[in-house]
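Colleague: Next input, structure requested:
(one chain, ligands or ions: 2)
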Amino acid sequence: MALFSKKNSTDVVLTGDRPTGQLHLGHYIGSIKNRIALQDKYEHCFYMIADVQALTDNASNPDKVRKNVFEVALDNLAAGLDPKKTAFFIQSQIPEIAELTVVFLNLVTLARLRRNPTVKAEMKQKGFGENVPAGFLVYPISQAADILFCDSNIIPVGEDQLPVIEQDNEIVDKFNTTYGETFRKIKPVLSDTPRLIGIDGNAKASKSLGNAIYLADSKEEIERKVMMMYTDPGHIHASDPGKVEGNVVFTYLDTFDTDKAGAEELKRQYRKGGLGDTAIKKHLIDVLENVIGPIRERREKLAKDPEYVRAVLSDGTKKVQAIAKETMTKVRKAIKIDYFANKDYAV
Ligand code: ATP
Ligand code: MG
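Modeller: Ligands and ions are numbered 1, 2, ... in the order given. From the prediction side, this is the model:
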C-alpha cells in the first residue's frame, strides 16, 4: 500500500478522541489499531485529545471532560500507542487551533455546515433541534484547524468521520485559492471495520449511547454484555436453523475472531441448525477476552502511575506548541495580518 511507505518523513499522521468517556472496541478496531500500525511507518505522528470539541456538547460538564482526558490517554497507551513514536497532546493547550478556527469560519457557510451528514445525525441523536450550540455546529471547522495547524495529511478515522474530512478538504481548497497555496489535502485512512455496530444492534457503538464493550471492561462485564446481545429472534431452539446476517454475535465474531476458518464453520453450523446461542456467545466471550485482557492488564498498571501519563501529555503538548507557532506565522503572512513581522509591513 503506497500510504504505508516506511518512515515517510514528509507525511504527518494525526488522530484523536473526544474525552467524553472511556474507549471501546469500536474505537480500537476503527481507529486505534491503525494508529498503532501507522506510528511504525511514519516519522511524524500526533495523537490529540479533543477536549475543546468535547465541550461543544458538554459545556456544562467540564468535570466529565477533564476526567476523561486521563481515561482516553490510558486507553491509547494501554492499547499500544507509543509516546516515543506518537506525540500525545491536549487540544485546549494549543491556542493556535482556536485562532486558525476563526480564520476558517469565514470560508464555510452555515448552510454547508447544516448539510454535513455526520453533524446532522449527531444533532438528531443529541436532540438539539434549533438549540444547537454554535460551537457544536462548527466542529467540522475546528477539526480542519486540528488537522492543519500541524500540517497533517494522514488521518486514521472511523467511517462516521468521512463527511467531516470531506468538508475539511473543501476548507483546504478555499484557503489555498483565496490566500495562496498553503495547506495539503487530507487523506482519511479507514480500517477493515470502519464502523462497529453497538451491542444493542444500533448502527454505531458509541460512548454517548453507552452501547459498547469498553477496553477497561472486566471479564465479568464482557460476559454480561455478550449475553445481552441480539442474535436471531427466530432461533428459538439450538436445533433451529438461524440467521447470521444482522446477528450481532456473528458481526463481532467476524471482526474479532482471528480464526477466520473457524468462524466460517460456526456460521455454517448455525445456518444449518444445531448450534445454540449460548455456545456461540461463550466462544465470543473468549475471543473478546483475548483482545481486551492484555489491554486491561496494561491499563490497570498505567492507572497506578498518573504522573507518567501526565508527563506523556505534557511533553507531547510542548513539542506540538512549537509547530503551531510556525504554522500560524505562515497563515498570518498568507492572509496579510502579519503587521509587525517585518519592516515592509509596518502599518
Ligand atoms: P462521542 O459519542 O462522544 O462522539 P465516539 O464514540 O463517537 O464518541 P469519538 O471520540 O468521537 O468517539 O471518535 C474517536 C475515533 O473513533 C474517530 O475516528 C471515530 O470515527 C472512531 N469511532 C468511534 N466509534 C466508532 C465505531 N463504532 N466504529 C468504528 N470507529 C469508531
Ligand atoms: Mg464521535
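
Colleague: list the contacts for the closest residue to ligand 1 within the stretch 51-200 of the chain?
Modeller: Here the residue of the stretch 51-200 of the chain nearest ligand 1 is residue 158; by CB to the nearest ligand atom that distance is 2.5 Å. Using the backbone N, CA and C atoms, a C-beta is placed for each residue, glycine as well. Shown in contact with residue 158 (CB atoms under 8 Å, 6 or more residues apart in numbering): 26, 27, 30, 31, 190, 191, 194, 195.

Colleague: residue boundaries of the helices in the stretch 1-150 of the chain?
Modeller: For the stretch 1-150 of the chain, applying DSSP state H, counting those that start in this stretch gives helices covering 25-27, 33-38, 51-55, 62-79, 95-105, 110-115, 117-126, 134-137, 139-148.

Colleague: helices and strands around the second one, which ones?
Modeller: In other words, helix 33-38. The contact analysis (3 or more CB pairs under 8 Å, 6 or more residues apart in numbering; DSSP states H and E) places helix 33-38 against strand 8-17, strand 42-49, helix 62-79, strand 154-156.

Colleague: Report the inter-axis angle for the very next helix or strand once past the last one versus helix 139-148.
Modeller: With elements assigned by DSSP states H and E, the helix or strand that comes after strand 154-156 is helix 162-179. Here helix 162-179 points in a direction 70 degrees away from that of helix 139-148 (axes from the mean of the first three to the mean of the last three CA atoms, to 10 degrees).

Colleague: And helix 162-179, what's buried?
Modeller: Buried residues in helix 162-179, counted by 16 or more other CB atoms under 10 Å: 163, 164, 165, 167, 168, 169, 171, 172, 175, 179.

Colleague: So that helix, near ligand 1 or not?
Modeller: No: in terms of CB under 6 Å from any ligand atom, no part of helix 162-179 sits within range of ligand 1; the closest distance is 8.6 Å.

Colleague: what angle sits between that helix and helix 95-105?
Modeller: Helix 162-179 and helix 95-105 meet at an angle of 80 degrees, taking the same axes, to 10 degrees as the criterion.

Colleague: could you give me the average pLDDT of helix 162-179?
Modeller: Summarised as a single mean, pLDDT over helix 162-179 is 98.

Colleague: how far out from the middle of the chain is it?
Modeller: 20 Å (CA atoms, centre = their mean, to the nearest Å).

Colleague: repeat for stretch 233-250
Modeller: Using CA atoms, centre = their mean, the offset of stretch 233-250 from its chain centre is 32 Å.

Colleague: Where does the residue nearest to residue 70 when sequence neighbours are not counted sit, in terms of helix or strand?
Modeller: Nearest non-adjacent residue to residue 70, counting by CB to CB, 6 or more residues apart in numbering: residue 309, 6.3 Å away. Here residue 309 sits within helix 306-334, counting by DSSP H and E.

Colleague: Okay, buried residues for that helix please.
Modeller: For helix 306-334, burial by neighbour count (16+ other CB under 10 Å) applies to 309, 312-313, 316-317, 320, 323-324, 327-328, 331-334.

Colleague: Show me which of those is closest to residue 137.
Modeller: If you rank the buried residues of helix 306-334 by distance to residue 137 using CB to CB, residue 331 comes first, at 23.1 Å.

Colleague: With just CA atoms, put the helix or strand of the chain with the lowest mean pLDDT into CSV.
Modeller: Every helix and strand of the chain was ranked by mean pLDDT, DSSP states H and E. The lowest is strand 8-17, at a mean of 92. C-alpha atoms of strand 8-17 as CSV (Å, rounded to 0.1, in the frame of the first residue of the first chain):
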residue,chain,number,x,y,z
ASN,A,8,7.8,8.6,5.4
SER,A,9,9.2,11.9,6.5
THR,A,10,7.0,14.4,4.7
ASP,A,11,3.6,12.9,5.6
VAL,A,12,2.2,13.7,9.0
VAL,A,13,-0.3,11.5,10.8
LEU,A,14,-2.9,12.9,13.2
THR,A,15,-5.6,11.1,15.2
GLY,A,16,-7.7,11.9,18.1
ASP,A,17,-10.5,11.1,20.6
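
Colleague: Count the residues that sit near residue 273.
Modeller: 13 (other CB atoms under 10 Å).

Colleague: my guess is it meets residue 239, correct?
Modeller: Yes: shown here, residue 273 and residue 239 form a contact pair, counting by CB atoms under 8 Å, at 5.2 Å.
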